[in-house]
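Asker: task: produce atomic coordinates for the following.
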Amino acid sequence: MNNELAAPDTHGVTVELLATVDLGPEIEGMAGRQLRMRKVTIAPGGVFGPVHDHKDRPGTVFILQGTITDHRNGQATDYGPGVGWPEDHNTTHWLENRGTVTAVEISVDIVKG
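Answerer: Numbers count the residues shown, from 1 in each chain. Predicted structure coming up:
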C-alpha cells in the first residue's frame, strides 16, 4: 500500500477564505467558476486529507511558515517557507505537518462557484 492510500482524515487544520472573484464576467467561458484564495493553517501533527485530486480545480500553493509535507505519487516532499507548488489535473495528494511549528500556506485555486 502506498502512502497515498494510507492518508488519514483531516485533523488539526483551519481554513480561512480570504477572497473570491467571480470569473464569469471577467473571462469568456468561465461562467460558474471562481478564483478563490484561502489561508490554510496546519498544526503540528495535522493532516489535510484524505487523498484528493485537483481535476477541474487547478491551483497553486505558497508556504508562509513551517514545513508542509506533500504526499503524491508514492513520494513525500517537504516544502518550507518561501516555496510553493502547482496543483494541476494530474495532482492527487494529501498534506501533513510533521514538524513542531504551525504551518501556514496560501492556496489559490479555480473552483465551481
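
Asker: switch to C-alpha atoms for all contacts and neighbour counts from now on
Answerer: OK.

Asker: and the longest strand for this protein?
Answerer: Counting by DSSP state E, the longest strand found in the chain is strand 33-53.

Asker: let me know the angle separating whichever helix or strand comes after it from strand 33-53.
Answerer: The C-terminal neighbour of strand 33-53 among helices and strands, as given by DSSP states H and E, is strand 59-65. Following axes from the mean of the first three to the mean of the last three Cα atoms, to 10 degrees, one obtains 80 degrees for the angle between strand 59-65 and strand 33-53.

Asker: which residues of the chain score low on pLDDT?
Answerer: 1-6 (pLDDT under 70).

Asker: let's see that with 50 instead.
Answerer: Applying pLDDT under 50 to the chain flags the ranges 1-4.

Asker: the helix or strand hosting Glu16 pairs with which strands, parallel or anti?
Answerer: Glu16 belongs to strand 11-22 when assigned by DSSP H and E. Partner strands for strand 11-22, per DSSP bridges, with pairing direction: strand 33-53 (antiparallel).

Asker: which positions in the strand it pairs with come out as buried?
Answerer: 33-44, 46-51, 53 (16 or more other Cα atoms under 10 Å).

Asker: got it, and stretch 70-79?
Answerer: Buried residues in stretch 70-79, counted by 16+ other Cα under 10 Å: 70-72, 76, 79.

Asker: start to end distance for that stretch?
Answerer: For stretch 70-79, the first-to-last residue distance is 8 Å (Cα to Cα, to the nearest Å).

Asker: go on, stretch 66-82?
Answerer: First residue to last in stretch 66-82 (Cα to Cα) measures 10 Å.

Asker: about what we covered before: alpha carbons of the longest strand of the chain, in PDB - could you do that?
Answerer: In PDB, the C-alpha atoms belonging to strand 33-53 read as follows (Å, rounded to 0.1, in the frame of the first residue of the first chain):
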ATOM      1  CA  ARG A  33     -16.200  29.500 -11.800                       C
ATOM      2  CA  GLN A  34     -14.500  31.400  -9.100                       C
ATOM      3  CA  LEU A  35     -10.900  32.300  -8.400                       C
ATOM      4  CA  ARG A  36     -10.500  31.500  -4.600                       C
ATOM      5  CA  MET A  37      -7.800  32.400  -2.200                       C
ATOM      6  CA  ARG A  38      -7.500  30.700   1.200                       C
ATOM      7  CA  LYS A  39      -5.200  30.700   4.200                       C
ATOM      8  CA  VAL A  40      -4.700  27.100   5.400                       C
ATOM      9  CA  THR A  41      -3.100  26.500   8.800                       C
ATOM     10  CA  ILE A  42      -1.900  23.100   9.800                       C
ATOM     11  CA  ALA A  43      -1.000  22.400  13.400                       C
ATOM     12  CA  PRO A  44       2.000  20.200  14.200                       C
ATOM     13  CA  GLY A  45       0.800  16.700  13.600                       C
ATOM     14  CA  GLY A  46      -2.100  17.900  11.500                       C
ATOM     15  CA  VAL A  47      -3.200  16.400   8.200                       C
ATOM     16  CA  PHE A  48      -5.100  17.900   5.200                       C
ATOM     17  CA  GLY A  49      -6.600  14.700   3.800                       C
ATOM     18  CA  PRO A  50      -7.800  12.400   2.800                       C
ATOM     19  CA  VAL A  51      -6.300  11.800  -0.600                       C
ATOM     20  CA  HIS A  52      -7.800  14.300  -3.000                       C
ATOM     21  CA  ASP A  53      -7.300  15.400  -6.600                       C
END
